[in-house]
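[1] got a sequence here, can you build the structure:
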Amino acid sequence: MANRSVQLRGDGLLLREWVDADLAEMVPLFDDPEVAYRTPVVTPFGRHAAEDYLARARQATADGTRLHLAVTVGGGPIGGEVILNRITAMIAYTVAPAYRRQGLATRAVRLLTRYAYEVAGLPAVFLQIEADNVGSVAVARATGFRLLEESPEMVEDKGRRYALHRWAHVNGVRRQASS
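    Coordinates of the predicted model:
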């Protein structure tokens, strides 16, 4: 499977591995102030950072540790990225400003969650979200993730210290009311 390119289709999306031709689209996606604030990507994010990021993403895929997929609407322009960390079972995602509030992250997370269970064989997947990240909290809830009752992970990045709360989705378990 190492030489096979991953492509996931569904709900109007095509999730596919990054290619060299995507470098120009990666710059505005990852150089967005909200993305820079919420993620550990290099800031500012220019062409050289995009080349480095693509090289690291390809290496992680080759190593089998992470899968980085460009999110496209039906194979068109790139609207974001979704990542599956196979070691921690963590999903992460980024959406470009022009594609926010259109359900792109929700649809991409659903597709990648299904892949995590059906192809990667993971028994559960997780998200890490800051409590004030209203958009990501909405994505977590819409995709059936539940906030875990545990202490958040404290992270320091770019001179900012913040708490990441863990959300879980267990294979076969949809969002449901507690009994």
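[2] okay, and the helix or strand of the chain with the least pLDDT?
    Lowest mean confidence among the helices and strands of the chain (mean pLDDT, DSSP states H and E): helix 33-38, at a mean of 88.
[3] how far off centre is that one?
    14 Å (Cα atoms, centre = their mean, to the nearest Å).
[4] show residues contacting that helix.
    29-30, 41, 43-45, 94, 97, 130, 133, 158, 160 (Cβ atoms under 8 Å, 6 or more residues apart in numbering). Placement of C-beta: from N, CA and C, glycine included.
[5] buried ones in stretch 123-130?
    For stretch 123-130, the neighbour count (16 or more other Cβ atoms under 10 Å) marks 125-130 as buried.
[6] for the record, mean pLDDT for it?
    In this model, stretch 123-130 has an average pLDDT of 97.
[7] what's the answer for stretch 95-115, then?
    So the average pLDDT for stretch 95-115 ends up being 95.
[8] how distant is the lengthiest strand in the chain from the center of its chain?
    Using DSSP state E, we find that the single longest strand of the chain is strand 160-170. Chain-centre distance of strand 160-170: 13 Å, with Cα atoms, centre = their mean.
[9] show me what it is packed up against.
    Strand 160-170 sits against strand 124-129, strand 146-147, strand 153-157, with contacts defined as 3 or more Cβ pairs under 8 Å, 6 or more residues apart in numbering; DSSP states H and E.
[10] before we move on, the earlier item: among the contacts of helix 33-38, which lie within helices?
    29-30 (DSSP state H).
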